[in-house]
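[1] build me a model from this:
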Amino acid sequence: MKKIIIYILVVFTFNRCSVIKNYTLNAFTSSKYKSVDFSEENIPSSPDYSNENSWAVLPSNYPNALKEIIGNQKENNNAAIFFIYPTLLLNPDDDSWNSDIYKNEIREDVINKSVKYQASAWAKAGDLYVPYYRQAHIRIFTPPFDKKGIRAWELAYSDLKNSFEYFLKYYRNNRPIIIASHSQGTIHAKRLLQEFFDGTELQKDLVAAYLIGAQIKTTDFKYLKPLESNIKTGGYVSWNTYKKNKYPKKYDEWFKGGVVINPITWDLSKESNILDHEGLLYIDNNKYSKSVKVYLTDGLLWTSVPKVPNRLFLRFIKNYHYADINLFWFDIQKNAVERINSWVKINR
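    Take a look at the predicted model:
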């Protein structure tokens with residue numbers, strides 16, 4: 001019970017800057033989910049991407065939560081940034097398979113969690129686009145729901161494919177593209193890259209894909225390659241964050257063999273210098289630089305305990321998945337601008 005209480009305190013501490021939602025004690029102590037058979041009759045209404053209401057973020061409509069972090073000014077609009085948010089449908093008592101993007105609760109979670117603390121890291125590099133989509137419930141990653149929910153997964157991807165096609169036709173305006181994503185969003189982003197970029201004409205306009213929080217293997221693509229320097233373009237970077245010297249229970253299945261790029265040095269350096277850490281974005285909306293040191297191992301990015309207020313609680317956390325982006329928010333911000341500048345220099 002003591003461990004459970006400590007865990008809940010940590011989750012509460014990071015609730016605002018992570019994608020973890022502060023549900024009941026049952027949500028953290030039980031792996032049981034309520035569920036029903038997938039039914040076409042219960043599918044939530046589809047987004048209409050010609051309607052701005054189906055977008056969480058458009059350059060013409062930056063929500064206040066985003067402005068709190070980045071302010072009102074953008075450095076440039078040289079690039080178009082397409083961000084796909086992670087799983088936010090987490091309540092084990094919710095038997096729905098896909099989120100209803102027209103529910104205020106869903107929309108507020110997307111804006112106040114993922115857009116504010118994750119997508120914001122790329123906003124300085126160009127115009128940010130974030131579509132709402134009918135994401136699949138978290139149980140989709142747990143047997144037997146992974147098999148039972150295949151149609152729910154396909155529904156989520158179909159929304160993102162439709163939104164990306166609309167983005168290309170009406171919003172991109174021939175600008176270079178950054179794809180950024182986390183967790184469930186990254187699995188969908190991988191598929192978008194396979195369909196739209198890998199070996200196609202569009203690949204030359206890809207600045208970088210930041211495929212964070214899910215396993216990416218070099219065999220996932222025929223032509224796209226990992227980017228192994230801070231100014232390389234036309235490929236992807238990826239990492240999954242865990243406490244140093246700790247391994248997830250499903251390490252062999254979910255992580256081993258995955259691409260890991262050091263998000264502080266932006267290469268394959270096995271270890272970073274803490275002085276090189278640009279900074280993390282914390283729950284108080286402040287920057288904490290020189291806060292973490294990372295270590296690369298097979299499929300995982302190990303990190304030291306962040307040097308932030310109340311860091312004592314963080315010593316009990318092994319899995320830093322919820323903070324894959326927050327821990328390197330300012331490193332990402334700087335790198336996205338560097339890669340855009342590099343792409344422009346090479347191509348124009």
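[2] my read: Trp97 touches Ile150, true?
    No. In terms of CB atoms under 8 Å, Trp97 does not count as a neighbour of Ile150; the distance is 10.2 Å. Every C-beta, even on glycine, is put in place using the N, C-alpha and C of the backbone.
[3] list the beta-bridge partners for the spatially most central residue of the chain.
    Central residue of the chain (CA atoms, centre = their mean): His182, 1.8 Å from the mean position. When bridges are taken as DSSP bridges, the partners of His182 come out as Ile212.
[4] report the separation between it and Pro226.
    For His182, the distance to Pro226 under the criterion CB to CB, to the nearest Å works out to 18 Å.
[5] ok, Leu281 next?
    25 Å.
[6] again, but for Trp97
    In this view, Trp97 and Pro226 are 33 Å apart by CB to CB.
[7] those two: which is more packed in?
    For Trp97 against Pro226, the residue with the higher neighbour count under other CB atoms under 10 Å is Trp97, and the figures read 28 against 18.
[8] can you show me the helices along the stretch 51-200 of the chain?
    Ranges of helices in the stretch 51-200 of the chain, per DSSP state H, counting those that start in this stretch, are 64-70, 104-109, 116-117, 145-148, 150-166, 184-196.
[9] and among the ones you listed, the most buried is which?
    Mean neighbour count, computed with mean count of other CB atoms under 10 Å, is highest for helix 116-117 among those, reaching a mean of 24.
[10] circling back: my guess is the residue nearest to the centre of the chain contacts Ala189. True?
    No. Taking CB under 8 Å as the definition, His182 is not a contact partner of Ala189, at 9.1 Å.
[11] count of residues packed around Trp55?
    Trp55 has 19 neighbouring residues, counting by other CB under 10 Å.
[12] packing partners for the lengthiest helix in the chain?
    Using DSSP state H to define each element, the chain has its longest helix at helix 329-347. For helix 329-347, the packing partners by 3 or more CB pairs under 8 Å, 6 or more residues apart in numbering; DSSP states H and E come out as strand 177-182, strand 206-212, strand 280-281.
[13] go again using 6 Å as the cut-off
    Using 3 or more CB pairs under 6 Å, 6 or more residues apart in numbering; DSSP states H and E as the contact criterion, the secondary-structure elements in contact with helix 329-347 are strand 206-212.
[14] flag every buried residue along the strand it packs on.
    Leu206, Val207, Ala208, Ala209, Tyr210, Leu211, Ile212 (16 or more other CB atoms under 10 Å).
[15] then stretch 79-94?
    Counting neighbours by 16+ other CB under 10 Å, stretch 79-94 gives 79-89, 91-92, 94 as buried.
[16] before we move on, what about stretch 233-250?
    Along stretch 233-250, these residues count as buried under the neighbour rule (16+ other CB under 10 Å): 233-244, 247-248.
[17] just stretch 38-54 next, same as before
    For stretch 38-54, by 16+ other CB under 10 Å, it's Phe38, Ile43, Pro44, Pro47, Tyr49, Ser54.
[18] what about that stretch, start to end distance?
    Taking CA to CA, to the nearest Å as the measure, stretch 38-54 stretches 24 Å from start to finish.
[19] which residues are contacting it?
    Taking CB atoms under 6 Å, 6 or more residues apart in numbering as the criterion, the residues outside stretch 38-54 that touch it are Leu58, Trp97, Asn98, Asp100, Ile101, Tyr132, Arg134, Arg151, Ala152, Asp159, Ser163, Tyr166.
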